[in-house]
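Asker: fold the following and give me the result.
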Amino acid sequence: MGNTFGRALRITTWGESHGGGVGVVVDGCPPRLPITLEEIQLELNRRRPGQSDLTTPRQEEDQVQILSGLFEGQTLGTPISLMVWNKDARPEAYAPFKDTFRPSHADYTYEAKYGIRNWMGGGRASARETIGRVAAGALARKWLFLHYGVEIVAWVERVHDLRASVDADTVTREQVESNLVRCPDAHMAEKMAERIRWAKDQGDSVGGVVAVVARQVPAGLGEPVFDKLEAELAKGLMSLPAVKGVEIGSGFEGTLLTGSQHNDPFEMRDGQVRTLKNHSGGVQGGISNGENIVLRVAFKPTSTIFKAQQTVDKQGHEVVLEAQGRHDPCVLPRAVPIVEAMVALVLMDHALRQRAIAKE
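Answerer: Here you go, the predicted model:
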């Protein structure tokens with residue numbers, strides 16, 4: 001339970017961080033979508049560990065294998081199975097504290113739910129699970145672009161208390177990918193990199209915010225009442241490891257405005273209904289309005305740090321934990337492609353649902 005996401009487009013991810021491998025089964029992808037192994041691999045390369053001194057030193061090539069659902073460069077309309085083998089797993093590093101609950105990890109909660117857990121790394125709670133989402137997201141990104149011209153760009157907006165100023169309407173993927181932090185503000189990116197290295201040197205970690213924009217999303221996507229587009233986007237993004245908050249459009253800052261300041265007036269532009277502002281973040285009444293969809297995703301500091309911490313073991317004894325392992329001092333740079341993938345999956349799912357309604 002809880003490992004499948006979507007309705008018209010359904011993905012099921014599987015695998016543990018230090019098991020044999022991880023992957024995804026994609027069901028509901030329409031036939032004849034042209035997609036190459038290289039396009040999927042490109043997205044996984046952006047997510048993979050060992051990219052720089054700002055990320056985990058775990059070395060994984062994350063080479064994807066297509067097991068089913070594609071033939072001669074196109075989807076068949078049948079289930080698509082994508083897999084990545086774990087090559088640099090070191091489960092023995094976790095043996096010294098296999099009976100100890102790491103603070104702010106899923107160790108205790110998995111034990112409470114199942115009465116058993118995979119203590120080798122984070123198991124299913126590890127960010128390594130997101131490989132399947134990114135691989136499936138590559139399919140969704142391509143389908144959305146071909147059918148609607150949708151462009152999805154995410155970037156690191158804030159690391160700790162360092163915040164970049166970025167125009168969501170114009171930011172490009174090339175700007176995002178121009179530095180290791182994946183922040184299009186080059187000056188602030190240098191400061192962010194210094195802050196991450198500082199946390200790493202201290203044996204600590206920092207969190208921050210990833211922002212994302214989806215452009216050219218058609219009006220009409222989303223369902224009342226419980227499947228509102230922003231609710232589905234929030235659900236998908238909140239399901240990512242380390243995410244503690246999602247806001248759309250003006251978000252919490254909008255509460256500081258009056259209604260007259262916050263409302264988005266309508267106008268006719270090039271024969272289409274458009275809004276003069278976009279405090280709504282591209283969604284009104286739970287349905288897309290044709291404007292850019294803008295979201296911000298809050299990621300907590302990485303839970304595994306190398307400072308001594310108080311905790312308890314399975315027998316209820318209080319112990320002091322000094323963690324080991326290979327972990328990101330800040331998850332933000334590698335989270336960018338994961339956020340993009342989840343947004344793409346939600347939008348494609350709702351686009352397929354809308355097309356089904358339009359045919360009736």
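
Asker: what's the neighbour count on Pro49?
Answerer: By other C-beta atoms under 10 Å, 19 other residues sit near Pro49. C-betas here are computed from N, CA, C, even on glycine.

Asker: for Ser288, that is, sorry about that
Answerer: Neighbour tally, Ser288, other C-beta under 10 Å: 25.

Asker: wait, Gln59 sits on Asn86?
Answerer: No. With contact defined as C-beta atoms under 8 Å, Gln59 does not count as touching Asn86 (11.3 Å).

Asker: measure Asp160 to Leu180 for me?
Answerer: In this structure residue 160 is His, not Asp. Using C-beta to C-beta, to the nearest Å, we find His160 at a distance of 16 Å from Leu180.

Asker: ditto for Val64
Answerer: 23 Å.

Asker: more crowded one of these two?
Answerer: Ranked by neighbour count (other C-beta under 10 Å), Val64 and Leu180 place Val64 first, with 24 against 17.

Asker: what does that one show for phi and psi?
Answerer: When read as degrees, to the nearest 10, the backbone of Val64 gives phi -80, psi 140.

Asker: can you pull the pLDDT of it?
Answerer: Note for Val64: predicted pLDDT of 96.

Asker: likewise Asp53?
Answerer: pLDDT for Asp53: 79.

Asker: what is the neighbour count of it?
Answerer: 12.

Asker: just checking, it touches Asp201?
Answerer: No. When contacts are counted by C-beta under 8 Å, Asp53 is not listed as touching Asp201 (10.6 Å).

Asker: circling back: of Gln59 and Asn86, who's got more company?
Answerer: Per other C-beta under 10 Å, whichever of Gln59 and Asn86 has more neighbours is Asn86, with 20 against 11.

Asker: low-confidence ranges in the stretch 251-360 of the chain?
Answerer: 324-326, 359-360 (pLDDT under 70).

Asker: strands along that one, start to end?
Answerer: Secondary structure of the stretch 251-360 of the chain (DSSP state E, counting those that start in this stretch): strands at 266-269, 272-275, 283-284, 287-288, 293-299, 309-312, 318-321.

Asker: was I right about Asp349 contacting Thr4?
Answerer: No. Using C-beta under 8 Å as the test, Asp349 is too far from Thr4 to be in contact (11.8 Å).

Asker: who's more crowded, the two?
Answerer: Asp349 (23 against 12).

Asker: contacting residues around that one?
Answerer: Taking C-beta atoms under 8 Å, 6 or more residues apart in numbering, we find Asp349 in contact with Gly6, Arg7, Ala8, Leu9, Glu232.

Asker: also Ala211?
Answerer: By C-beta under 8 Å, 6+ apart, the neighbours of Ala211 are Ala154, Trp155, Glu157, Val166, Ala168, Val294, Leu295, Arg296, Val297.

Asker: what sits closest to Cys330 if chain neighbours are left out?
Answerer: Counting by C-beta to C-beta, 6 or more residues apart in numbering, Ile196 is the residue found nearest to Cys330 once chain neighbours are left out, at 4.5 Å.

Asker: could you check the one helix or strand the one you found maps to and say which residues are buried?
Answerer: Per DSSP states H and E: Ile196 is located in helix 186-201. Neighbour counts over helix 186-201 (16 or more other C-beta atoms under 10 Å) mark Met188, Ala189, Lys191, Met192, Ala193, Arg195, Ile196, Ala199, Lys200 as buried.

Asker: now these in a markdown table, with pLDDT and distance to Leu257?
Answerer: Below are the buried residues of helix 186-201 laid out as a markdown table (pLDDT from 0 to 100; distance: C-beta to C-beta, whole Å):
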| residue | pLDDT | distance to Leu257 |
| --- | --- | --- |
| Met188 | 97 | 26 |
| Ala189 | 97 | 30 |
| Lys191 | 98 | 30 |
| Met192 | 97 | 29 |
| Ala193 | 96 | 34 |
| Arg195 | 97 | 31 |
| Ile196 | 96 | 33 |
| Ala199 | 94 | 34 |
| Lys200 | 92 | 39 |
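
Asker: from the strands of the stretch 251-360 of the chain, which stretch is densest packed?
Answerer: Mean neighbour count (mean count of other C-beta atoms under 10 Å) peaks for strand 293-299 among the strands of the stretch 251-360 of the chain, with a mean of 24.

Asker: what segments of the stretch 151-300 of the chain are helices?
Answerer: 173-176, 186-201, 229-238, 259-262 (DSSP state H, counting those that start in this stretch).
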